[in-house]
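Undergrad: Here you go, sequence then predicted model.
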Amino acid sequence: RTRTVAEGDLNRRTARTTFSSTPGEFGDKSPTILLPGTFISASQTFQEQIPVIERLGDKPVLADYSNSSFSEAMLRAQLLDFMDSVLVGGKKVNLMGASLGATSILDLLLEEPEARDRVGKIVLMGALYSSHDFKPSGLNNGLRKAKQMGLVREPFVRAVMPLARSRIKVEHDPELALHKEAIHESRRNVSNRALSERLYSIFKRGSIEVRERIEIPALFIFWQKDESIAPRQGVMTNVVTDPSMSIVSGNHGWTLRSSPEINPQLELFFKTENEELLAA
């Protein structure tokens, strides 16, 4: 699948996501793929959640996007190819994403129905699906208006990116202050093109209300100060037939500072689902 996407659009050959696992054998463990947000790497984003996943008996696999380009089609192809790989060995894969990562999980399951039978559980933190889901702000309202006028195309988003990128992430996770230089380096390394393609992948979509529902166990986690508002959070959770939902303190993307609230939710969700599977 990955090769087909690359051959169909040569510009997407640099958009490939890198998958890396934590040390140790896969064995009989089910992989949990961790997809980060717009700027920060998977290892930095999920450093407090990785030990929880390992303690629950799953194998964390970190997914990091190309810094030169981004393509949802390429990411979907790579995720499906990974699910077919010998490392997975036919087992179901769990998916956990924050911000853009959560968006990409929804994109995969809605655009690639064959993926649904291969996914065991999903955790979506700070999910957004389309421009409809962003809370009102000067930047978001401007992009919405440009979309209504038919101006929002990839070249347009790319052109405004140098002006917009400094306003995309207003407040970083305070715990990342210990890695301040590494975070700034991560932000600098993401090209305007890659960042525009990541954001355009969200803004080009229609509303999630028109999509079919997904029958996969799902935990939605939103922050008190998230990039979406409560009514839109309810709409997004409704795309799953029987979702669990939790609101934790902090701002959008605070996977570290909010981990004392997030991690118990993960343990409860994974343990409950595993017990129900064993009972079945």
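TA: Yep, that arrived. Numbering: from 1, shown residues only.

Undergrad: can I assume Leu195 is in contact with Tyr65?
TA: No: contact criterion C-beta atoms under 8 Å: Leu195 and Tyr65 do not qualify, at 10.2 Å. Bear in mind the C-beta positions are built from the backbone N, C-alpha and C, glycine included.

Undergrad: Comparing those two, which residue is more hemmed in?
TA: Neighbour count, other C-beta atoms under 10 Å: between Leu195 and Tyr65, Tyr65 has more, with 28 against 22.

Undergrad: Okay, the residue nearest to the more buried one when sequence neighbours are not counted and Pro31: tell me how far apart.
TA: Of all residues not flanking Tyr65 in the chain, Thr17 sits nearest, at 5.3 Å (C-beta to C-beta, 6 or more residues apart in numbering). The gap separating Thr17 from Pro31 is 14 Å, by C-beta to C-beta, to the nearest Å.

Undergrad: Which one's more surrounded, the two?
TA: Under the criterion of other C-beta under 10 Å, the comparison of Thr17 against Pro31 puts Pro31 first, with 25 against 21.

Undergrad: hmm, back to that, for the residue nearest to Tyr65, which residues are in contact?
TA: The neighbours of Thr17, taking C-beta atoms under 8 Å, 6 or more residues apart in numbering as the test, are 63-66, 74-75, 78.

Undergrad: Generate CSV for these, with pLDDT, secondary structure and distance to Trp223 as supplementary columns.
TA: Output for the contacts of Thr17, formatted as CSV (pLDDT from 0 to 100; DSSP: H, G, I helix; E, B strand; the rest coil; distance: C-beta to C-beta, whole Å):
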residue, pLDDT, secondary structure, distance to Trp223
Ala63, 97, strand, 22
Asp64, 96, strand, 23
Tyr65, 95, coil, 22
Ser66, 93, coil, 27
Met74, 93, helix, 29
Leu75, 96, helix, 24
Gln78, 95, helix, 28
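
Undergrad: Among these, which pair sits farthest apart?
TA: Spanning the widest gap among those are Asp64 and Met74, at 13.5 Å by C-beta to C-beta.

Undergrad: of the two, who's got more company?
TA: Neighbour count, other C-beta under 10 Å: between Asp64 and Met74, Met74 has more, with 23 against 19.

Undergrad: distance of that one from Ser130?
TA: From Met74 to Ser130 the distance is 20 Å (C-beta to C-beta).

Undergrad: Could you report the pLDDT at Val248?
TA: On the pLDDT scale, Val248 is placed at 97.

Undergrad: helix or strand for Asn94, which one?
TA: Element membership for Asn94, per DSSP states H and E: strand 93-98.

Undergrad: so what strands line up beside that strand?
TA: strand 31-35 (parallel), strand 119-125 (parallel) (DSSP bridges).

Undergrad: For Ser228, find the nearest of those strands.
TA: Closest of these to Ser228 is strand 119-125, at 11.4 Å (criterion: C-beta to C-beta).

Undergrad: doesn't Ala77 fall inside a strand?
TA: No: Ala77 is assigned helix when assessed by DSSP: H, G, I helix; E, B strand; the rest coil, not a strand.

Undergrad: Next, count neighbours for it.
TA: 22.

Undergrad: and the gap between it and Phe269?
TA: From Ala77 to Phe269 the distance is 28 Å (C-beta to C-beta).

Undergrad: just Phe46 next, same as before
TA: With C-beta to C-beta as the criterion, Phe46 and Phe269 are 15 Å apart.
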